[in-house]
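Enquirer: coords below, sequence missing:
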């Protein structure tokens, strides 16, 4: 794939040569009197760009122990294992011999957030290239010592081997600052045909501990002298603590301290249940002045589209010669939806000396460090944030806030490790939700049944209020001297926030896509798996079916007709074939078939899903019978891990799509536990979910953690429409809504 | 002080009688498997086995457990010598974040102890109290079926014969 | 003077005449089969109306076994006389009512006779359905005939002699069936009459909520004074209501519509399916039912109302201190404090937390059955719907613990005299689980 062969000398010489060549060019340029635009050298791949030193990623000790560092985190998606596979492959070492260190502000590169399905693309790529370049350096050193040409040497099992049988272990080869060199832009990567561990379904390294009671989560941490804290959260947004008689609570068994700072109120106790009871008692005496005025829940779409918005045309294409014959339009809506992490957020913090260490399941240890440091008014270097797994977060949940809570409380108890555990109700009420959204589409068909114009408008809040600053976190907002919430900003294309996947991957002669960015946030919102893509793909792929029906066309054929992306076509054809999709087929009575497709962000993984749904005509109850998916995520690192993610995406998206909406009255969030925010249970789980992986050896990694959410929703919606003859456009597609539609 | 029998051993714990078993297991006995998911008896993450029956430890105060036998996931087997249910979950890779899994496994274990050949419908009904947010349901079901098979074959590990 | 032969002859004639009369009373002609009508032949508005009426009549509850096909029958209903299995009322031509004419259907509803002329057991509450108007029967017929036909042969009833003789049912009807449609009370409002029509007819509330005599018929003079169904007690919903807070029409509407009320509790057991069905029918019908039943409850006496208001005021301040159980029940008190108080006395009021037990009919009711069932089984979550979830304590509490707990709850949260045979009730409840899931529907 690439031509440059590295050896240590050439690396240094190369940079020297580069320097030389730069100055020569400049000299020439000056002589000629015209400034030459010298292109900067291409950056190294992935996250190496921001952390180019190889020893930021790979460390080899003299005894041969190898440690790999990644700035991303294991959040249940299997990244730890996949990353270790990549490193093992490119380094040519046994998988199990590697130690992997994940996101830690003291030890790993700053890779921002583990989000956006970017871990493989950014960190996986960085590790792959760093490992390959380290291997090349080791070979170069061995070549030097053995006085043999580098290309005669092989690596295997953490050693460089010469043809005559001489062998030098990596530990022996490494010396001094050998790996403290900057990565090159290009690497000699292993030929995928020779892969031994990449592309294999290596069992996840974290599962054994999780099924045997090993310490696996931040919730399992027990530090010596650790105390238990509980926060008393306000009843609603903006509530002010007007009075609180702490005297009785202070005397409760085990209570060590009550921390009050403005509207921030917490209690610390020796034992966990003592902290729970103290929290309940404290909450009972706290008096709040509630100030929130929340909108009407059943009027959400109208409310949203009436708020001031910043309109941006994010895509436009025009071909006036295309003639429209028939036009349809439709509006699709999504309510606020919750991450609903199974394990409420938790963090441990300890102020030792002048360093605050926080153990958190945050997706971004560096941004959190920045926010916590700002809140504590200390330099970031005095805060260390270490990622420890929590339960699945599916985006920005309460993790960062819990970390912030823990730091604030730990500051009041210097030297003492403090564990903050959120309650179920707190996680449900205070997590930032996936924003409510409205999409309006209008499209026309020509006389041949092809789409000739397409207009897509999406209204949404920001999909990221992640920390960077203290003002993004609850404790800092609630303190007596609060930090202001930063003004929300849209995430620019090509990633997008509310407009993620708003630009169609299909090719239409005329198309216009407008993003109406709404700054005002009646409810707390931020990133939730897929961001805007969930609703945009749900809308777009439902609407494609509406157009296919208007054209009298088969839904799969209709999509292929408008798609020239080859890999997208492959994914569609694979899913349809594996499902048994036949043009013009009719499902058995009370059942329907649905199809949907998207490429996440139009630049990450491709996912096509065909589904069969049964609808009980009496009750309206929808039941996903089976789903068949095809996914293309480039070079697959761990096929089973990928399949696991897509299965999970389909099942989770099914729950969002059929059941979920955040409940609120005019003052407070009312969906605060599993009674009031029901999600999928086993009685509704489908009979089969089959995921087919299209491997693309040697192709770049494409992020796959979020690619299933939108297509699953649309596929199910299309199947319901097929089963009932009624099109539902307002999420969630509840039993009651389906029943009312059937009755209408 | 009160005496609890956990995983075959008598343990002395210093806990108020109204303390939910979950906190005693996790904090006093430092057992990680049973998890805090809601504390309200709504999600199943805290499930353990008491006298052969699956029980939600977050709503079971320790006062109820005098003279009764408590089994947690740790009591079924270890990584080195896994019980059939643990082997099955590893072999099926039945976890994403894994937080709900220990509770699922204990409920399944209790089911398999009284019904060694459960149907799919019976397994689904049994797990009806349990939530999995990651969507690992298909694998969990496969793992329970697999555990049933493992428990019936000669492969059954010694750990399984130590029936709680 | 009559000779023995003459007397014998007269007796014989009397017996034969009696038998002929009985047969004449008992015998009903078969109604001819028809070709199963095409579903498209029914007007869709009529079908929809029929579906609402079927929901009010709770038809799917008896005529569907959990996990099986809708309306295909097969549910065993225990009676003092044996088990009677519900019939297949799908339009299947062989095993259902596919060949029944509308007249045959109407006759079943109004007189309890099937198409063949056989008497139906009054477990099918035609003593109520007789009040349903012809028009509504037409809509129900249209609805049932447009369901999915299911081939499911009837299960044989398990009745001992003489109850397995349909003739006996004829006798029962003679004594207890008052056929005829509902007659409005012109002194009452339209809404009241609508409610009365539904309650006395399709909704057949009295079938559960009215006590029955030794022959299994409702005691009309004790209408709505409470009854038993499965292993649950259906409370008195007349002036003898044990509810600590008196019911009114608004509370009834909310309860029937959404399945719970913060001042009264959650619909459990067989009532759970009833409120589930009522959540889907037109609101005005539920209001009408609530209006009528509120009148059945009657206006509470002033001191009862005052007691109710006091309880509500006390319940409003949460969290609450667990009341002392008095001497001798430290065990029950400790159990409540440890296992129940955090939800039932904690800061979270319904719908988030448990009801203050001083407001609960189960604790104030005539016996411990409902409370025992709830403590044992809890309240299961319902697919995709917001609703209460309560853990069950069957596997964490022993019978003795539950009995002690119930005794404490009765003493501390009601003004009623102590229950007797609590321990036996708990044992029975555990052994024959009043399995709400049996009635759970997707």
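Expert: Okay, I see it. Note that the structure is a prediction, hence the values are computed from the model and not measured.
Enquirer: residue ranges of each domain in chain A, please.
Expert: Under the assignment automatic domain parsing, the domains of chain A span A:2-191, A:218-290+A:339-430, A:437-463+A:498-743.
Enquirer: residue contacts, residue C:114?
Expert: Residue C:114 is in contact with C:104, C:108, C:120, counting by C-beta atoms under 8 Å, 6 or more residues apart in numbering or on different chains. Every C-beta, even on glycine, is put in place using the N, C-alpha and C of the backbone.
Enquirer: same question, residue B:64
Expert: Here residue B:64 is in contact with C:335, C:338, C:339, C:396, C:397, C:401 (criterion: C-beta under 8 Å, 6+ apart).
Enquirer: among those, which are in helices?
Expert: Residues of the contacts of residue B:64 located in helices (DSSP state H): C:335, C:401.
Enquirer: what helix or strand is residue A:457 on?
Expert: strand A:451-460 (DSSP states H and E).
Enquirer: cool, and residue A:351?
Expert: Element membership for residue A:351, per DSSP H and E: strand A:346-352.
Enquirer: tell me the first helix or strand C-terminal of that strand.
Expert: Scanning forward in sequence from strand A:346-352 by DSSP H and E, the next helix or strand is strand A:355-360.
Enquirer: do that following strand and chain B meet?
Expert: No. Using C-beta under 8 Å from any C-beta of the partner chain, strand A:355-360 stays clear of chain B, with a minimum separation of 15.1 Å.
Enquirer: tabulate the contacts of residue C:114 (JSON lines), appending neighbour count and pLDDT.
Expert: Shown next, in JSON lines, are these (neighbours: other C-beta atoms under 10 Å in any protein chain shown; pLDDT from 0 to 100):
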{"residue": "C:104", "neighbour count": "22", "pLDDT": "96"}
{"residue": "C:108", "neighbour count": "22", "pLDDT": "96"}
{"residue": "C:120", "neighbour count": "17", "pLDDT": "91"}
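Enquirer: closest to chain B out of those?
Expert: Comparing the contacts of residue C:114 against chain B with C-beta to the nearest C-beta picks out residue C:120 as the nearest, at 32.1 Å.
Enquirer: for the residue lying closest to the closest one once chain neighbours are set aside, give its distance to chain A.
Expert: Nearest non-adjacent residue to residue C:120, counting by C-beta to C-beta, 6 or more residues apart in numbering or on different chains: residue C:112, 4.5 Å away. To chain A, residue C:112 is 25 Å away according to C-beta to the nearest C-beta, to the nearest Å.
Enquirer: same question for residue C:428.
Expert: Counting by C-beta to the nearest C-beta, the gap from residue C:428 to chain A is 28 Å.
Enquirer: need phi/psi at that residue.
Expert: Here is the backbone geometry of residue C:428 (degrees, to the nearest 10): phi -60, psi -40.
Enquirer: residue contacts, it?
Expert: The contact partners of residue C:428, by C-beta under 8 Å, 6+ apart, come to residue C:231.
Enquirer: what helix or strand is the spatially most central residue of chain B located in?
Expert: The centroid of chain B falls nearest to residue B:106 when counting by C-alpha atoms, centre = their mean (2.1 Å). Using DSSP H and E, residue B:106 falls within helix B:101-114.
Enquirer: now that helix: buried residues?
Expert: For helix B:101-114, the neighbour count (16 or more other C-beta atoms under 10 Å in any protein chain shown) marks B:101-113 as buried.
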